[in-house]
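Asks: Got a sequence here, can you model it:
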Amino acid sequence: MKIVFENYKKSRFFSNLLISSISLILCLSILEAILRVSPESKKGIPLDWAQKNVKFNKQGFRDVDHTFEKPFNIFRILVLGDSQTFGHGIPKRKDTWPKKLESLLNQDTSLIKFEVLNMAISGWNTDTQLNELFRLGFRYKPDLILLGFYPNDISKPALFKCNSDDREILPSFGKFQNQIQSLKLYQFLKFRLNRLLEKLNLKPSYPDCINRVFQTRGWEMEKIYLDILLMSSQLKNIPFMMTIIPMITSLNNNYPLNSAFEKLNGFCLSRQINCVDLFKESFYGLNDEDYIYSEWDRHLNEKGTRVVAQTLYKKLKLLKESPKLALLNKALSPNLLLNDNPLLKNLERQIPDNHDEIFTAEVNQKNEQWTLKRLKDGYTLKIKVNDIKTGAPQLLSITTLDINGQFLSREKSFYKPRSGFLDETEILETKDGITFLKIKKYQETPDGLTLKSETSRIFPLQVFDQKKIRGTVIEFEKGTIFPDPKVLEKRIFSKGSQPSEHYSEQEMIQILKNIINRNPPAFPDLTNKKTLELMPQSRLVSLFNEVLLFQDLIILNRYGGNEYIQKLRKAVKSQKPPLEALKAFNRLDSHLKPIQK
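Replies: Here you go, the predicted structure:
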């Protein structure tokens with residue numbers, strides 16, 4: 001009897017276990033089915049979404065094909081950006097924000113047509129966008145360059161570590177791993193658990209990692225890229241504008257990227273860039289879930305792109321109100337047309353609708369006189385500014401355009417405030433896509449006004465393939481390769497390819513001689529050039545890598561990268577990279593001492 005009872009208990013236990021297991025499996029299956037049909041099933045946008053769903057033009061962009069030549073009645077806006085500007089996850093091209101902006105600008109226009117060229121690609125950062133502007137962007141002859149900046153476009157410095165990737169919540173299941181991870185229930189629990197870990201500060205969130213990059217020298221790297229973007233646009237006499245697209249999360253006083261946005265806005269203010277902060281101007285106070293693809297993937301949806309386009313349209317619609325001057329924008333100061341200027345409106349009224357008609361338009365306002373002339377071969381705009389009290393000249397600017405409104409030259413003369421004598425003349429010219437800059441400085445002597453100094457610089461502003469070392473590189477100034485900070489960091493902090501690996505011994509010696517001749521204060525140990533020929537190969541290789549790094553530091557310093565160089569120096573000292581890096585910084589100090597004096 002006892003045995004029968006024990007068997008009954010075991011049988012009942014296993015029956016209950018089986019029923020419980022079946023019930024658990026049934027509940028989990030129902031939960032899985034519910035999650036698959038619920039909004040939660042809309043996870044992230046697949047990485048290969050663009051390849052499967054987007055039609056690209058001949059140049060590889062999400063746009064129609066555009067000719068490099070630009071008709072006179074076209075105002076062309078060139079947009080650079082990443083996946084938020086590309087429209088990742090948005091099925092129709094017309095629903096991306098650049099094309100919505102284009103549609104708004106072209107409403108109720110007759111004398112002018114707007115083209116908004118979308119040159120954004122998913123995954124691009126500011127360094128990639130800079131290269132693309134030089135490779136193709138300038139060839140389209142844009143009237144305005146608009147950078148769509150997203151916070152994760154910032155460059156990460158070498159050795160930066162911050163992993164915000166979601167952690168797996170269960171151990172490995174071997175060959176069943178992929179099947180389990182594909183379950184919606186598993187993905188749901190994993191997502192929720194990781195958000196909990198972030199709230200408890202047990203793992204960094206994605207915004208946390210972005211904020212950390214902005215606190216590193218990555219921000220100094222980013223400023224270099226932005227400065228080169230700005231300077232190259234100015235040398236082409238093209239207005240440069242920037243819009244900061246926010247990460248759509250916590251759109252209130254607790255916005256997680258406030259400190260990063262403060263830095264970006266401060267940069268725009270210091271460089272006098274027309275900058276549109278979309279968080280402050282549009283998205284603040286909105287419900288973030290209404291403007292993103294899903295909680296899992298915070299790319300802008302169609303409603304979000306509409307907000308971006310409408311905000312930018314409010315900033316740019318003044319171009320429609322002065323269409324004749326908009327077509328001659330390269331004769332004006334950057335961003336001048338984006339401000340409500342009564343003087344420009346008066347000038348606009350005097351310009352005939354037929355752009356082939358010869359005319360002279362003149363306006364006077366207080367101490368300024370503007371004269372715009374249409375000649376047989378193009379246009380000239382002359383601007384005179386006198387001292388409002390004494391009437392002495394302060395500024396004289398003469399800009400020339402070709403018959404299609406493309407920039408040819410500008411000569412600016414600046415006068416001394418008290419005497420009214422000529423102080424400095426700046427001449428900017430463009431020929432065959434190359435920019436020439438000449439600056440003349442004058443001084444007063446008993447014999448009258450004499451030339452004090454004259455400097456000339458040539459800016460090819462082009463990319464080419466440098467097979468020896470770096471691949472595709474930017475030639476910013478003639479004979480000067482822009483030293484990409486990302487490449488520089490890789491050379492210093494990783495065991496990657498070094499310049500010496502790509503040159504013969506004789507080539508290295510000749511390059512070294514050229515650099516030493518240009519920077520003698522930095523090479524007191526190499527005054528005798530024969531030292532190089534007698535140097536052992538291992539020492540020559542080390543010296544070559546050191547001197548090329550020194551040259552890159554000089555170039556970065558020349559173009560405003562001093563803050564980055566100082567932070568890079570600290571990292572070099574703390575991380576103990578190859579000795580060549582420390583020596584390069586010492587040579588930089590020797591080079592800068594005579595300049596600072």
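Asks: The helix or strand harbouring residue 119 pairs with which strands, parallel or anti?
Replies: Here residue 119 sits within strand 113-120, counting by DSSP states H and E. Strand 113-120 sits in its sheet next to strand 74-81 (parallel), going by DSSP bridges.
Asks: contacts for the strand it pairs with?
Replies: Residues from elsewhere that reach strand 74-81 (Cβ atoms under 8 Å, 6 or more residues apart in numbering): 70, 85, 98, 101-102, 112-120, 124, 129, 132-133, 137, 140-150, 245, 316, 319, 326-327, 329. C-betas here are computed from N, CA, C, even on glycine.
Asks: Nearest the middle, which residue of this structure would you pick?
Replies: Per Cα atoms, centre = their mean, the C-alpha nearest to the average position across the chain is that of residue 126, at 3.4 Å.
Asks: Assess the claim that that residue and residue 152 are in contact.
Replies: No. Shown here, residue 126 and residue 152 do not form a contact pair, counting by Cβ atoms under 8 Å, at 10.6 Å.
Asks: residue ranges for the helices of the stretch 451-597 of the chain, please.
Replies: Using DSSP state H, counting those that start in this stretch, the helices found in the stretch 451-597 of the chain span residues 485-493, 505-518, 530-534, 537-558, 562-575, 579-596.
Asks: so which of these comes closest to residue 199?
Replies: Closest approach to residue 199 among those (Cβ to Cβ): helix 562-575, 32.0 Å.
Asks: Please identify the buried residues of stretch 424-431?
Replies: By neighbour count on 16 or more other Cβ atoms under 10 Å, the buried set for stretch 424-431 is 425, 427-428, 430.
Asks: Pull up the gap between the closest residue to residue 313 other than its chain neighbours and residue 64, please.
Replies: Spatial nearest neighbour of residue 313, chain neighbours left out: residue 104 (4.3 Å); criterion: Cβ to Cβ, 6 or more residues apart in numbering. From residue 104 across to residue 64, the span is 17 Å (Cβ to Cβ, to the nearest Å).
Asks: Same drill for these two, tell me which one is more crowded.
Replies: residue 104 (19 against 13; other Cβ atoms under 10 Å).
Asks: what's the spacing between residue 277 and residue 307?
Replies: Taken as Cβ to Cβ, the span from residue 277 to residue 307 is 13 Å.
Asks: And for residue 191?
Replies: Taking Cβ to Cβ, one finds residue 191 at 26 Å from residue 307.
Asks: So for the two, which sits in the more crowded spot?
Replies: Ranked by neighbour count (other Cβ under 10 Å), residue 191 and residue 307 place residue 307 first, with 20 against 16.
Asks: Contacts for stretch 416-428, please.
Replies: Stretch 416-428 has contacts (Cβ under 8 Å, 6+ apart) with 235, 237, 387, 390, 392-394, 409-415, 435-442, 444, 449.
Asks: now with 6 Å?
Replies: 392-393, 410-415, 437-442, 444, 449 (Cβ atoms under 6 Å, 6 or more residues apart in numbering).
Asks: same thing with stretch 235-255?
Replies: The contact list for stretch 235-255 (Cβ under 6 Å, 6+ apart) reads 84, 142, 144-151, 230, 233, 256-257, 264, 273-279, 283-284, 286, 288, 291-292, 298, 330, 334-335, 407, 435, 459.
Asks: Mind checking which of the residues you listed are buried?
Replies: Buried among the contacts of stretch 235-255 by 16+ other Cβ under 10 Å: 84, 142, 144-151, 230, 233, 256-257, 264, 273-279, 283, 286, 288, 291-292, 298, 330, 334, 407, 435, 459.
Asks: Give me the subset of those lying in strands.
Replies: 144-149, 274-277, 407, 435, 459 (DSSP state E).
Asks: Run through the stretch 201-350 of the chain and note the low-pLDDT ranges.
Replies: Applying pLDDT under 70 to the stretch 201-350 of the chain picks out residues 334-335.
Asks: could you pull out the helices for it?
Replies: 206-214, 218-235, 258-271, 278, 302-316, 318-321, 323-326, 342-349.
Asks: buried ones in the first one?
Replies: Meaning helix 206-214. Neighbour counts using 16+ other Cβ under 10 Å place 206-207, 209-214 of helix 206-214 among the buried residues.
Asks: Of those residues, which is the nearest to residue 549?
Replies: For the buried residues of helix 206-214, the nearest to residue 549 is residue 213 (23.7 Å; Cβ to Cβ).
Asks: Which residues are in contact with the closest residue to residue 118 other than its chain neighbours?
Replies: Once flanking residues are discounted, residue 118 sits nearest to residue 98: 4.2 Å by Cβ to Cβ, 6+ apart. Listed by Cβ under 6 Å, 6+ apart, the contact partners of residue 98 are 79, 116, 118.
Asks: what's around the last one, how many residues?
Replies: The reference is to residue 118. Neighbours of residue 118 (other Cβ under 10 Å): 26.
Asks: Now for residue 203: which residues touch it?
Replies: Residue 203 makes contacts with residue 197, as judged by Cβ under 6 Å, 6+ apart.
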